[in-house]
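Novice: 3D model of this:
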Amino acid sequence: MSPKLSACWVALGPLLCSCALALQGGMLFPVETPSREVKVLDGLWHFRADFSENRLLGFEQQWYRQPLRESGPTLDMPVPSSFNDITQEAQLRDFIGWVWYEREAVLPQRWTQDTNTRVVLRINSAHYHAVVWVNGVHVVEHEGGHLPFEADISKLVQTGPETTCRITIAINNTLTPHTLPPGSIIHKTDAVFPKNYFFQNISFDFFNYAGLHRSVVLYTTPTTYIDDITVTTDVEQEVGLVNYWISVQGDEHFQLEVRLLDEDGKVVAQETGEQGQLRVPSANLWWPYLMHEHPAYLYSLEVRMARTVSDSDFYTLPVGIRTVAVTESKFLINGKPFYFHGVNKHEDSDIRGKGFDWPLLIKDFNLLKWLGANSFRTSHYPYSEEVLQLCDRYGIVVIDECPGVGIKLPQSFGNESLRHHLEVMDELVRRDKNHPAVVMWSVANEPASALKPAAYYFKTLITHTKALDPTRPVTFVTNERYNADLGAPYVDVVCVNSYFSWYHDSGHLEVIQPQLKSQFENWYKTYKKPIIQSEYGADTIAGFHQDPPVMFSEEYQKALLENYHLVFDQKRKEYVVGELIWNFADFMTNQSPTRVIGNKKGIFTRQRQPKSAAFILRERYWRIVSETMDHHSMPMTQCLGTRPLTF
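Specialist: Below is the predicted model:
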């Protein structure tokens, strides 16, 4: 990191104490209920990048104390979106440092005048380090670009007749060896470079988009309110079990009523109190897409907290009843073998970068269903909550991955990095713990797990994640050799990335089958755990054809996939439990001699048009579905094999 940018973080040292506050309390998704209102602040915000030499001018001049336009020119910036591709300025596209967002919000009078109403500001994603002020008063700070954080701003907006509030958010996209993902600033002092020249160095292969990538919202609750709900599920015979824990803040004197409703609105179970178990006879289980004739069945958990007749809070949580377990050779959902045939994805598209976009999201899910895909990994960071909500509704199974990508430097395995990584897992589990679609946590992607400190690092990280959530298996995704990986002993499922005949033995398709077969056999013999091929693929320029196949042609991508598939078909009869193509769609990366306007390993273009490989994969996935449905008609004693490790 350059001395100039180091100063940015040092100057904000006094504010860092507020980071821990972000970990306190629950993180229920803001929804409107009879007791809660939501105001979404999507749209145009005032925006300015701090191009000063030290990137600290905004703090030195205290831009947050008055409207942003009064301290200099601003741009209109859409939220949600990345700021990088919105203008024609190359300087902004590759900007590193602090940018400033501002928006005035008009609040309903009842929000500002009723002191029994709690007003909360929630930022769903600000990449990477964010500091937030309301009416010039610092309210919260957060480190991490993909998870939500919030602040109670009631006292700031309930001080008089004023019904507007000014929200200012400063965001720094600088990555250091201790952030997730990590990075470093390279400062060039040679005379051949411009004065004060620096650039962000990263060890991951996607563009470091930045800004307010998801919605900023204001929402209300009563002053005594439902703060958090935790749900776990199980099945006994045909009885579904819904275990719940509810946290209430604001007062110790209240009553809690809990009801579980089916999809027809019929109450199937009810209880009272802060924790308990709901028993559902003949329960409809949550099944993955294409694994059952009625997949993705969701109940509604209605929670009502009351102190008096007029002082109550309501929250409704979708609940899927399902179990997850792992044996030596199988991944089980509801006691039946589940085979991941899916994709890896990115939150990435033209113009908006990583900005959330409903039309794009629905298009992607329609393509997943068209493919016959039943799963994906949130490579390489947590996706928006709306994505997981759709997965719950559609039955798309998710491996939920934290932003632990590019952990390559020895200093990224030290105590400072580990502390932050543990915090990120706290936040991720807190946010996503109730989604039935999430069946496994991934704590990293392709770390340098052969380094000596990796053993303690991953043992600690995985143990911590299991303590946070004992109901799901935990993994990380490796590209190390089976006999060198020091973190692999601690995972529940081995996830392996390999690019035979692409990055290794480039152009030689004939090496794929023997090398892939050897990879699987060595990993299984060493660890006796189920294996997922978590990445494989080849870059392809859409419309580029060559026969015999050569690299970057559509024919080469097809041939590479077909060679992998032949081995998958052998080994999925034994211990391989999944295959996830890299990648669902082309995506943007840093400029590089090996990248032609981004990574082209998608089976769809960045504009979501199919390459030839998409049809190969579609035919394969639907064939697997047909075979799997036949397999599931077998007696359960034949399917289960060894005794499962349940979660």
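
Novice: Just the helices from the stretch 1-150 of the chain, written as ranges.
Specialist: Applying DSSP state H, counting those that start in this stretch to the stretch 1-150 of the chain gives helices spanning 3-11, 57-60, 90-93, 109-113.

Novice: now the stretch 501-647 of the chain, which segments are flagged as low pLDDT?
Specialist: Applying pLDDT under 70 to the stretch 501-647 of the chain flags residues 630-646.

Novice: so where do the strands sit in the stretch 301-450 of the chain?
Specialist: Along the stretch 301-450 of the chain, counting by DSSP state E, counting those that start in this stretch, strands occupy 311-319, 324-326, 331-333, 336-337, 340-344, 375-377, 397-401, 438-445.

Novice: Measure how far the second one is from the centre of its chain, please.
Specialist: Using Cα atoms, centre = their mean, to the nearest Å, the mean C-alpha position of strand 324-326 is found 21 Å from that of the whole chain.

Novice: And it, what does it pack against?
Specialist: Contacts defined by 3 or more Cβ pairs under 8 Å, 6 or more residues apart in numbering; DSSP states H and E place strand 324-326 against strand 331-333, strand 645-646. From N, CA and C alone the C-beta is placed, and that goes for glycine too.

Novice: for the stretch 101-250 of the chain, what are the low-confidence residue spans?
Specialist: Along the stretch 101-250 of the chain, no part satisfies pLDDT under 70.

Novice: Am I right that Val216 is in contact with Val38?
Specialist: No. Applying Cβ atoms under 8 Å as the test, Val216 and Val38 come out as separate, 11.5 Å apart.

Novice: Settle it for me: which of these two has more neighbours?
Specialist: The residue with more neighbours, out of Val216 and Val38, is Val216; 26 against 16, by other Cβ atoms under 10 Å.

Novice: Around the closest residue to the more buried one other than its chain neighbours, how many other residues sit close by?
Specialist: Leaving aside its sequence neighbours, Val216 sits nearest to Leu41 (Cβ to Cβ, 6 or more residues apart in numbering; 4.5 Å). Residues near Leu41, counting by other Cβ under 10 Å, number 19.

Novice: Let me know the pLDDT of Leu41.
Specialist: According to the prediction, Leu41 has pLDDT 98.

Novice: Just the endpoints, please. Distance across stretch 44-57?
Specialist: One end of stretch 44-57 to the other measures 23 Å (Cα to Cα, to the nearest Å).

Novice: Give the rounded mean pLDDT of it.
Specialist: 96.

Novice: For it, which outside residues touch it?
Specialist: Stretch 44-57 is contacted from outside by 4-5, 7-8, 11, 58, 63, 67-69, 72-79, 83, 91-92, 95, 97-103, 172, 196, 212, using Cβ atoms under 8 Å, 6 or more residues apart in numbering.

Novice: Reformat the strands of the stretch 301-450 of the chain as JSON lines; add mean pLDDT.
Specialist: What follows is those, written out as JSON lines (pLDDT from 0 to 100):
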{"stretch": "strand 311-319", "mean pLDDT": "95"}
{"stretch": "strand 324-326", "mean pLDDT": "98"}
{"stretch": "strand 331-333", "mean pLDDT": "98"}
{"stretch": "strand 336-337", "mean pLDDT": "96"}
{"stretch": "strand 340-344", "mean pLDDT": "98"}
{"stretch": "strand 375-377", "mean pLDDT": "98"}
{"stretch": "strand 397-401", "mean pLDDT": "98"}
{"stretch": "strand 438-445", "mean pLDDT": "98"}
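
Novice: I'd like to know which of these lies nearest to Leu261.
Specialist: Of all the strands of the stretch 301-450 of the chain, it is strand 311-319 that lies closest to Leu261, at 8.6 Å by Cβ to Cβ.

Novice: Tell me which residues of the helix or strand where Leu566 lies come out buried.
Specialist: Per DSSP states H and E, Leu566 falls inside helix 554-571. Residues of helix 554-571 classed as buried by neighbour count (16 or more other Cβ atoms under 10 Å): 554-561, 563-565, 567-568, 571.

Novice: next one: stretch 478-497
Specialist: Neighbour-count burial for stretch 478-497 flags 478-480, 482, 485-488, 490-497 (criterion: 16+ other Cβ under 10 Å).

Novice: Compute the distance between the residue nearest the centre of the chain and Gly145, please.
Specialist: The residue lying closest to the centre of the chain (Cα atoms, centre = their mean) is Pro382, at 1.1 Å. Distance, Pro382 to Gly145, by Cβ to Cβ, to the nearest Å: 10 Å.

Novice: who touches both of the two?
Specialist: Each of Pro403 lies in contact with both Pro382 and Gly145 under the rule Cβ under 8 Å, 6+ apart.

Novice: Run through the strands of the stretch 451-600 of the chain in chain order.
Specialist: 474-478, 494-497, 531-535, 576-581.

Novice: so who does the nearest residue to Ser375 once chain neighbours are set aside touch?
Specialist: Using Cβ to Cβ, 6+ apart and skipping residues adjacent in sequence, the residue nearest Ser375 is Gly342, 3.5 Å away. Gly342 sits next to Leu368, Ala373, Asn374, Ser375, Phe376, Arg377, Ile396, Val397, Gly578, Glu579, Leu580, Ile581 when contact means Cβ under 8 Å, 6+ apart.
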